[in-house]
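> model the following, please.
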Amino acid sequence: MSKPKGFEKPAGVRDYLPRAVAKLRKIENDVLYCMSRWGYRQMITPTLEYYDTVGVASSTSDQKLYKLLNNRGQALVLRSEMTAPVARVVSSLLKDEPLPLRLSYHANVFRAIEEEAGREAEFFQTGVELVGDDSPEADAEVVALAISSLQAAGVKSFKIAMGHVGFLDGLFQEAVAGLPEAQEELKNHLLNRDYVAFRETLRQLELTDAQKNELDGLLRLRGGKEICSQALELSSHPLARTSIEHLCKVWEVLVSYGVSQHVLIDLTMIGDFSYYTGMTFEGYASELGFPVCSGGRYDNLLQQFGRPTPSTGFSLKTNRILDGVSGVPEEEELPVLIQYDASRRKEGLEEAARLRAEGHVVVTRLTSEAGDLMTVKRLDTNAVEAEGETYGEIYTFVSFVSEHG
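Next up, the predicted model:
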């Protein structure tokens, strides 16, 4: 293996140049502000966690975790998502706080990837966790907040696809009873959105025509509120029916929020079926073919940290919004340039301090003689140009020429 060159970096990570950082920070700040208006308080957790706690509890598969050993030989992981770290804190440092808890975060997370896949090993998530409420109101709140957060991030056109893990579990228990391997295979096809493989596996199973029609009908359960009644006709299993009734109540709350036009009921939506326990959803921007947010209910996670508590939440994929959504505005204030000579340095720097205190971006430049002054060209916009750089304004403090702005 050849030694990397000085300018090379590992696969799956990247450098963010100033313009991209400004855009990313705007998305982050606007979304966190939106979340704070809904009562969610921001928290920060470590980049490193113990493998035997957060690593094992994480929704990320073991082979995608970045693992390392500390100097005591203990196994650590780079955090691969934020829900498990938040669950650890809720079960320890926040164990005496009254429920429900509303928490938000923004963090970089890490997942081992195959280099040829072209995916990122380090990316950013901004999200919330609502801990201690198992009601349809709570599930509807996080979906409605996800919609508000996408709008705050500048995403103009998007759709939320919402399903329920319990409906799928009940349906499979009814139609593919006693065949756990077949259930797992069918669920994996749904997870990968491979409906051709789903139907092919269904064709090969030794099921009655009624059972096959029941499972094939699942693929047509996408739409609005009418899907709830269609799903109740499809399955009589108690778990499936209870799950659909819960999802119908979530829809009713979303109607009251005035956001149901952004939501599509999709009962093929399964999320990570080993992790989520109830309602699950994904958000898709019109410009992109992959999710920009995802979330759902995970009522079993906190019991792994000794505090069994129902929870629900979501995270935004801020990298994807940064890279792929054209509606996100780029706001960059042009700096003010203050140039001064040695004799008037104090005046120049005092003026720079005054402007910075008012919230302006200011850069300073020492000149040595009249010929060293920048040649100023006023542009058509409210800006000036000097030596190829664009400024909002230029102030000159020198003793050998008259001051100008």
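> next SSE downstream of the least confident helix or strand in the chain by mean pLDDT?
Scoring the helices and strands of the chain by mean pLDDT, DSSP states H and E places strand 376-378 at the bottom, with a mean of 70. Following strand 376-378 in sequence order, the next helix or strand is strand 384-386 (DSSP states H and E).
> quick one: distance of that next one to the chain centre.
The chain centre lies 39 Å from the centre of strand 384-386; the measure is CA atoms, centre = their mean, to the nearest Å.
> in the stretch 301-405 of the chain, what residue spans correspond to helices?
318-324, 345-357 (DSSP state H, counting those that start in this stretch).
> show me what counts as buried in the first one.
Okay, so that is helix 318-324. By 16 or more other CB atoms under 10 Å, the buried positions in helix 318-324 come out as Thr318, Asn319, Arg320, Ile321, Leu322, Gly324. For the C-beta atoms, the positions are set from N, CA and C on the backbone; glycine is no exception.
> give me the element Ser80 is part of.
Counting by DSSP H and E, Ser80 is part of no helix or strand.
> re the thing from before, ok, which of the helices of the stretch 301-405 of the chain comes nearest Val336?
Of all the helices of the stretch 301-405 of the chain, helix 345-357 sits nearest to Val336, with 5.7 Å by CB to CB.
> and stretch 293-305, which residues are buried?
Those buried within stretch 293-305 under the rule 16+ other CB under 10 Å are Cys293, Ser294, Gly295, Gly296, Arg297, Tyr298, Leu301, Leu302, Gln304, Phe305.
> the fourth one contacts Ile270, doesn't it?
Read it as Gly296. No: shown here, Gly296 and Ile270 do not form a contact pair, counting by CB atoms under 8 Å, at 9.8 Å.
> find residues that contact each of these two.
Counting by CB atoms under 8 Å, 6 or more residues apart in numbering, the shared contacts of Gly296 and Ile270 are Val165, Tyr276, Thr280.
> what's the neighbour count on the last one?
A count of nearby residues for Thr280, using other CB atoms under 10 Å, gives 28.
> how much space separates it from His237?
Distance of Thr280 to His237, given as CB to CB, to the nearest Å: 18 Å.
> go on, Asp169?
In this view, Asp169 and His237 are 9 Å apart by CB to CB.
> one more: Gln303?
Noted for Gln303: a distance of 25 Å to His237, by CB to CB.
> also Ala153?
Applying CB to CB to Ala153 and His237 gives a distance of 39 Å.
> same drill for the two, tell me which one is more crowded.
Higher neighbour count among Ala153 and His237: Ala153, with 25 against 19, using other CB under 10 Å.
> list the contacts for the more buried one?
Ile27, Asp30, Val31, Leu316, Thr318, Ile321, Val325, Val328.
> switch those over to JSON lines; also include distance to Val54.
As requested, the contacts of Ala153 are exported to JSON lines (distance: CB to CB, whole Å):
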{"residue": "Ile27", "distance to Val54": "26"}
{"residue": "Asp30", "distance to Val54": "29"}
{"residue": "Val31", "distance to Val54": "24"}
{"residue": "Leu316", "distance to Val54": "21"}
{"residue": "Thr318", "distance to Val54": "21"}
{"residue": "Ile321", "distance to Val54": "26"}
{"residue": "Val325", "distance to Val54": "30"}
{"residue": "Val328", "distance to Val54": "31"}
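> for those residues, pick the one with the most neighbours.
Of the contacts of Ala153, with other CB under 10 Å as the count, Leu316 tops at 29 neighbours.
> wouldn't it be in contact with Ala285 here?
No: contact criterion CB under 8 Å: Leu316 and Ala285 do not qualify, at 10.8 Å.
> which residues are common contacts for those two?
In contact with both Leu316 and Ala285: Leu150, Val292, using CB under 8 Å, 6+ apart.
> so, low pLDDT: which residues of the stretch 251-400 of the chain?
The stretch 251-400 of the chain contains residues with pLDDT under 70 at 272-273, 326-331, 369-371, 375-377, 379-381, 400.
> which stretches of the stretch 101-250 of the chain form helices?
All helices of the stretch 101-250 of the chain, identified by DSSP H, counting those that start in this stretch, fall at 136-152, 165-175, 180-191, 195-204, 209-218, 226-234, 238-257.
> nearest to Arg72, out of these?
helix 180-191 (37.7 Å).
> can you tell me the average pLDDT over that closest one?
The average of the pLDDT scores along helix 180-191 is 86.
> let the chain start at 647 from now.
Got it, the first residue is 647 from now on, which makes the last one we talked about helix 826-837.
> distance between that helix and the chain's centre?
27 Å.
> of all the residues in that helix, which ones are buried?
For helix 826-837, burial by neighbour count (16+ other CB under 10 Å) applies to Ala828, Gln829, Glu831, Leu832, Lys833, His835, Leu836.
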